[in-house]
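> Take this sequence and fold it.
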Amino acid sequence: TKPPNLAQRYIERLGQMVSTEMCGILLMIASGFCVTIDMVTSRMIEDSGWPYWYLVSGTCFVATAACLLFIYVSKTPGQN
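Now for the predicted structure:
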């Protein structure tokens, strides 16, 4: 059998450390934190007169690129 890739090992280890319920609670807290930060940052950008939608689209592009890079790096060499 093939050894698990980096993402699979990380998820398995995380699953061993916390229960499913606790993982859901942590995800909800993280989501609330991210939404709050987004709202505060949006207000600051709006008040400063910067082009909000250009900045948001740029941020989404960078986040997507980071996710794709993580997926590419976490693949094992035989899975291309």
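> buried residues in the longest helix belonging to the chain?
Counting residues, the longest helix found in the chain (DSSP state H) is helix 20-48. Within helix 20-48, not a single residue qualifies as buried, counting by 16 or more other CB atoms under 10 Å. Placement of C-beta: from N, CA and C, glycine included.
> what packs against it?
helix 52-74 (3 or more CB pairs under 8 Å, 6 or more residues apart in numbering; DSSP states H and E).
> Just the C-alpha atoms of the helix it packs on, please, in PDB.
Output in PDB follows, covering the C-alpha atoms of helix 52-74 (Å, rounded to 0.1, in the frame of the first residue of the first chain):
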ATOM      1  CA  TYR A  52     -12.900  47.300  -1.900                       C
ATOM      2  CA  TRP A  53     -13.900  44.800  -4.600                       C
ATOM      3  CA  TYR A  54     -10.400  44.900  -6.200                       C
ATOM      4  CA  LEU A  55      -8.800  44.100  -2.900                       C
ATOM      5  CA  VAL A  56     -11.300  41.300  -2.100                       C
ATOM      6  CA  SER A  57     -10.900  39.700  -5.500                       C
ATOM      7  CA  GLY A  58      -7.100  39.900  -5.100                       C
ATOM      8  CA  THR A  59      -7.300  38.300  -1.700                       C
ATOM      9  CA  CYS A  60      -9.500  35.500  -3.000                       C
ATOM     10  CA  PHE A  61      -7.000  34.900  -5.800                       C
ATOM     11  CA  VAL A  62      -4.100  34.700  -3.300                       C
ATOM     12  CA  ALA A  63      -6.100  32.300  -1.000                       C
ATOM     13  CA  THR A  64      -7.000  30.100  -4.000                       C
ATOM     14  CA  ALA A  65      -3.300  30.000  -5.100                       C
ATOM     15  CA  ALA A  66      -2.200  29.100  -1.600                       C
ATOM     16  CA  CYS A  67      -4.800  26.200  -1.400                       C
ATOM     17  CA  LEU A  68      -3.700  24.900  -4.800                       C
ATOM     18  CA  LEU A  69      -0.100  25.100  -3.800                       C
ATOM     19  CA  PHE A  70      -0.900  23.100  -0.600                       C
ATOM     20  CA  ILE A  71      -2.700  20.500  -2.600                       C
ATOM     21  CA  TYR A  72       0.200  20.200  -5.100                       C
ATOM     22  CA  VAL A  73       2.800  20.000  -2.400                       C
ATOM     23  CA  SER A  74       0.900  17.400  -0.300                       C
END
